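K.L.:
What shape does this take:
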Amino acid sequence: MNESIRACVITASTRAAAGEYADRSGPLLADALQDAGFEVAPVVVVADGDPVGAALRAAIGAFDIVLTTGGTGLSPADATPEQTRPLLDREIPQLATAIAQAGVAKGVPTAVLSRGLAGVADQTLVINLPGSRGGVRDALEVLLPVLAHAVDQIRGGDH
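P.N.:
Here you go, the predicted structure:
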């Protein structure tokens, strides 16, 4: 069923985009989506800020699901939510809350500092995830059981 759902992963990391270190959270996310049966495009790695918005604009409408990793914290460079919010037609705040709560439940109190958003842009589900591998794993526990259903609803399916 999931193979007809196309997904894209965007990693927001200025240092990974510059080649200072390898992106580890994007591939983890892409592999998990592929293992769950989704059709996954190669991971896109961009610098924080405006490049995230450009990557999002390119992916929205071309994919059913766009997941970002990184840029959701409190540092001055973290701007993924600011790049995402203007593109969303509708937000899904409880999904973003559930992702943060999953981290807290695993003993990571700083998970509540993530400013990630979740919502629908055009016909694309867009979700911001933390940049850490642990944050991605926690988010996947929340997302994998609901992604196909969310896409079905966005496509007009029955609840």
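K.L.:
who are the neighbours in contact with the spatially most central residue of the chain?
P.N.:
The centroid of the chain falls nearest to Leu67 when counting by Cα atoms, centre = their mean (2.4 Å). Leu67 makes contact with Ala7, Cys8, Val9, Ile10, Leu29, Leu33, Val126, Ile127, Leu129, Leu143, according to Cβ atoms under 8 Å, 6 or more residues apart in numbering. Every C-beta, even on glycine, is put in place using the N, C-alpha and C of the backbone.
K.L.:
and those residues as TSV, adding secondary structure?
P.N.:
Putting these into TSV (DSSP: H, G, I helix; E, B strand; the rest coil) gives the following:
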residue	secondary structure
Ala7	strand
Cys8	strand
Val9	strand
Ile10	strand
Leu29	helix
Leu33	helix
Val126	strand
Ile127	strand
Leu129	strand
Leu143	helix
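K.L.:
partner residues bridging the residue nearest to the centre of the chain?
P.N.:
Val9, Ile127 (DSSP bridges).
K.L.:
quick one: which two of the contacts of Leu67 are the most distant?
P.N.:
Ile10 and Leu143 (15.1 Å; Cβ to Cβ).
K.L.:
Neighbour count: the two, which is higher?
P.N.:
Neighbours per residue, other Cβ atoms under 10 Å: of Ile10 and Leu143, the larger number sits with Ile10, 28 against 25.
K.L.:
Run a quick neighbour tally on Gly61.
P.N.:
The number of residues packed around Gly61, counting by other Cβ under 10 Å, is 12.
K.L.:
just Asn128 next, same as before
P.N.:
By the other Cβ under 10 Å criterion, the neighbourhood of Asn128 contains 30 residues.
K.L.:
dump the residue contacts of Leu33.
P.N.:
In this structure, Leu33 makes contact with Ala7, Val9, Val40, Ile65, Leu67, judged by Cβ under 8 Å, 6+ apart.
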